[in-house]
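A.B. asks: Okay, predicted coordinates and the sequence, questions at the end:
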Amino acid sequence: MHYVDYGSGTPILIIHGFCVDHRLLLELDPVFDAHGHWRRVYVDLPGMGQSTAGPEIDSADAVAEAVVSFARTTFADERFAVLGNSFGGMIARHLVAEFGEQVLGLALLCPVVVADHGSRTVPARTVLQTDPTLLAALDPVDAADYEAMAVVQSPENWCRFRDAALPGFRVFDQSAVQRISSNYALRAEPEDRFANFQGPALILAGRQDHVVGYEDQLALAGSYPQATVAVLDRAGHNAHLDQPALTAALLGEWLERVQEWKREDQRAQTNRVH
């Protein structure tokens, strides 16, 4: 898989959502840079961005196994944190089930919890602020894509969407995405494969997220006893673009908890050796 690698220090694997690419989450990079030493590994999932997808990539399970293989190759036995957005959140949960205590911490931004779209608990599509002048000035295709997702329409919000979401949305492999979509659910729910994840977690949802909702995300918190759970108002499925300051604050606090968790574990291992 194609990836970009920034910085050095504790590794964190950053996994984007469906039909976009790693650029969707690059807006978060200054937060990592400001909170300690992190090696940020942004992947393009198979069939998205610059990652190719052969016929074997035919399901969410195939994508998950490709990411597992990438993580094993990239991190070997080193402990790492994971951040996943939307579909990438479902893949991130799979990594916790697969790697167990090797995962230092888990952050989920508007994650897919219920794979079947019809079974999700989602709010009605809501636009809190419209900007007809902005939409009229855009390319019609761009305007339609933006209007379908924006909760608060504004020039600033449009620029973030334009730079983060649209590039990946324009280049994904439609055949690969169709194959994955036909088998979008994982064979086993990740949380059924472990009791409780004891590492620091963050579950962030958008109050106006009509794609995955927020109620299913709240229910997920029971499997992550060290999770901060936040539902952001004036935020849709791209909550980190809609509420960048709040997202940065919550993500920064999670990073600090992950660092402390790692230090405590290192102290415990030292004490066991002595």
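C.D. replies: Thanks, I have it.

A.B. asks: could you dump stretch 248-261 to PDB, C-alpha only?
C.D. replies: Written as PDB, here are the backbone C-alpha positions of stretch 248-261 (Å, rounded to 0.1, in the frame of the first residue of the first chain):
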ATOM      1  CA  ALA A 248      -7.400  19.100  17.900                       C
ATOM      2  CA  ALA A 249      -8.000  19.600  21.700                       C
ATOM      3  CA  LEU A 250      -9.500  16.100  22.100                       C
ATOM      4  CA  LEU A 251      -6.900  14.400  20.000                       C
ATOM      5  CA  GLY A 252      -4.100  16.200  21.800                       C
ATOM      6  CA  GLU A 253      -5.400  15.000  25.200                       C
ATOM      7  CA  TRP A 254      -5.600  11.500  23.800                       C
ATOM      8  CA  LEU A 255      -2.000  11.600  22.600                       C
ATOM      9  CA  GLU A 256      -0.900  12.700  26.000                       C
ATOM     10  CA  ARG A 257      -2.700   9.800  27.600                       C
ATOM     11  CA  VAL A 258      -1.100   7.400  25.100                       C
ATOM     12  CA  GLN A 259       2.300   8.700  26.000                       C
ATOM     13  CA  GLU A 260       1.700   8.300  29.700                       C
ATOM     14  CA  TRP A 261       0.300   4.800  29.200                       C
END
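
A.B. asks: and it, which residues are buried?
C.D. replies: Along stretch 248-261, the positions that meet the burial threshold by neighbour count (16 or more other C-beta atoms under 10 Å) are 248, 250-251, 254-255, 257-259, 261. (Each C-beta comes from the backbone N, C-alpha and C, glycine too.)

A.B. asks: got the residues you listed as TSV, with distance to Val41 columns?
C.D. replies: As requested, the buried residues of stretch 248-261 are arranged in TSV below (distance: C-beta to C-beta, whole Å):
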residue	distance to Val41
Ala248	20
Leu250	21
Leu251	16
Trp254	17
Leu255	15
Arg257	20
Val258	15
Gln259	17
Trp261	19
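
A.B. asks: Which of the residues you listed sits closest to Asn196?
C.D. replies: The shortest gap between Asn196 and any of the buried residues of stretch 248-261 belongs to Trp261, at 14.6 Å (C-beta to C-beta).

A.B. asks: List just the nearest of the buried residues of stretch 248-261 to Leu108.
C.D. replies: When the buried residues of stretch 248-261 are compared for distance to Leu108, the smallest value, 10.3 Å, is given by Trp254; criterion: C-beta to C-beta.

A.B. asks: And the strands in this structure?
C.D. replies: For the chain, applying DSSP state E gives strands covering 3-6, 10-15, 38-43, 80-85, 103-109, 201-206, 227-232.

A.B. asks: Any idea which of those gets closest to Glu147?
C.D. replies: Evaluated over the strands of the chain, closeness to Glu147 peaks at strand 201-206, with 16.4 Å, by C-beta to C-beta.

A.B. asks: what helices or strands is the closest one leaning on?
C.D. replies: For strand 201-206, the elements it packs on are strand 103-109, helix 215-220, strand 227-232, helix 239-242, helix 244-273, judged by 3 or more C-beta pairs under 8 Å, 6 or more residues apart in numbering; DSSP states H and E.

A.B. asks: what distance separates the fourth one from the middle of the whole chain?
C.D. replies: In other words, helix 239-242. In this view, helix 239-242 has its centroid 12 Å away from the chain centroid, taken as C-alpha atoms, centre = their mean, to the nearest Å.

A.B. asks: can you list the residues that contact that helix?
C.D. replies: Counting by C-beta atoms under 8 Å, 6 or more residues apart in numbering, the neighbours of helix 239-242 from elsewhere in the structure are 25, 27-28, 85, 109-110, 150-152, 157, 160-161, 164-165, 204-206, 209, 232, 234-236, 247.

A.B. asks: thinking Ala205 is in contact with Ala230, fair?
C.D. replies: Yes. Between Ala205 and Ala230 there is a contact under C-beta atoms under 8 Å: 7.2 Å.

A.B. asks: who has more neighbours, these two?
C.D. replies: A count of neighbours by other C-beta atoms under 10 Å puts Ala205 above the other of Ala205 and Ala230, at 25 against 20.

A.B. asks: So which residue is smack in the middle of the protein?
C.D. replies: For the chain, Asn85 is the residue whose C-alpha lies nearest the centre (C-alpha atoms, centre = their mean; 1.7 Å).

A.B. asks: quick one: contacts for that residue?
C.D. replies: Taking C-beta under 8 Å, 6+ apart, we find Asn85 in contact with 15-17, 24-25, 108-111, 240.
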